[in-house]
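Enquirer: here is the input, now give the coordinates:
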Amino acid sequence: CTTREHPSTLRPFVSMTAKTKELHFVADEVQSSMDLRDPCALNLEYTRAMMGFLLFDAAPASIGMIGLGGGSMAKFCFRHLPAAKIRVAEINPYVIALRDEFDVPDDDERFSIIEADGADFVRNSPAAFNVLLVDGYDARGLPKALSSQRFYEDCHAALAMNGLAVVNLHADHRDYRQQVDRIRNAFHDAILLVEDKREGNSIVFAQQGNPLQMLSIGPLRRPASFDEKTWKSFQNAFSRILAALK
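Expert: All right, here's what the predicted structure looks like:
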């Protein structure tokens, strides 16, 4: 008989088109996509939705991430949030080994990637995060260790006061509602659910401390580190978040 390879040791592969470079575990599923003309751009809509934390905290001092993939959000935050210290946990060493393929920055005093299980990463975090981005899917989907009640409670504990956890969930997963309820329980109902039925992704914003406050609806100021084109690319995602807040 044969044994199934553990997802943390599966080797991803890279494909290219004229405009993009993509990371895959299986041929018909894109794990991460990079625009060859702008390697730091966010090519997938759900990643722009996850960056909606900017509506709540436009200049976080500390960002934690679970799941590297092709490094889309890590690169984006490194480039556009120059005051933030960024720590990324990735369990698969073969994904980390492709960091140069996807122009992921080298480790330095502000940016680091560690080979670690995401559940251990939040449970043993030495410092509190202002923002924690959770996108820890592997070749088989969302690992149980990254969707348990204990995990979400550890995410809550790993945040600074009023810090935000931002979790990507697949809305068609059989345990989707249970996962949302676990986040709700861990964060004492201080969550905002932003669903995208067209893309099949749901983004959950969960705040440590007081319940999420209603944002004032009006023109959003573009941070100095964002060019106009990049800022415009977020408007659809931001509009959905603001609609969910209503």
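Enquirer: what are the boundaries of the strands in this structure?
Expert: Remark: strands assigned in the chain by DSSP state E are 13-16, 20-24, 32-35, 62-66, 85-90, 111-115, 129-134, 159-170, 191-196, 201-207.
Enquirer: now the longest one, how far from the chain's geometric center?
Expert: This points to strand 159-170. On the basis of C-alpha atoms, centre = their mean, to the nearest Å, strand 159-170 sits 9 Å off its chain's mean C-alpha point.
Enquirer: which parts of it are buried?
Expert: Residues of strand 159-170 classed as buried: Leu159, Ala160, Gly163, Leu164, Ala165, Val166, Val167, Asn168, Leu169, His170 (neighbour count, 16 or more other C-beta atoms under 10 Å). C-beta here means a position set from N, CA and C on the backbone, and glycine is covered the same way.
Enquirer: out of the strands of the chain, flag the one nearest Ser239.
Expert: Proximity to Ser239 (C-beta to C-beta) singles out strand 191-196 among the strands of the chain, at 10.4 Å.
Enquirer: any residues touching that closest one, and which ones?
Expert: With contacts defined as C-beta atoms under 8 Å, 6 or more residues apart in numbering, strand 191-196 is touched by 45-46, 49, 52, 171, 180, 183-184, 202-207, 212, 240-241, 244-245.
Enquirer: rerun that using 6 Å as the cut-off
Expert: Contacts of strand 191-196 with the rest of the structure, by C-beta atoms under 6 Å, 6 or more residues apart in numbering, involve Ile183, Arg184, Ser202, Ile203, Val204, Phe205, Ala206, Leu212, Arg240, Ile241, Ala244.
Enquirer: tell me the least confident of the residues you listed?
Expert: pLDDT across the contacts of strand 191-196 is lowest for Leu212, at 60.
Enquirer: can you tell me the closest non-neighbouring residue to Ser33?
Expert: Leaving aside its chain neighbours, Ser33 sits nearest to Asn43 (4.2 Å; criterion: C-beta to C-beta, 6 or more residues apart in numbering).
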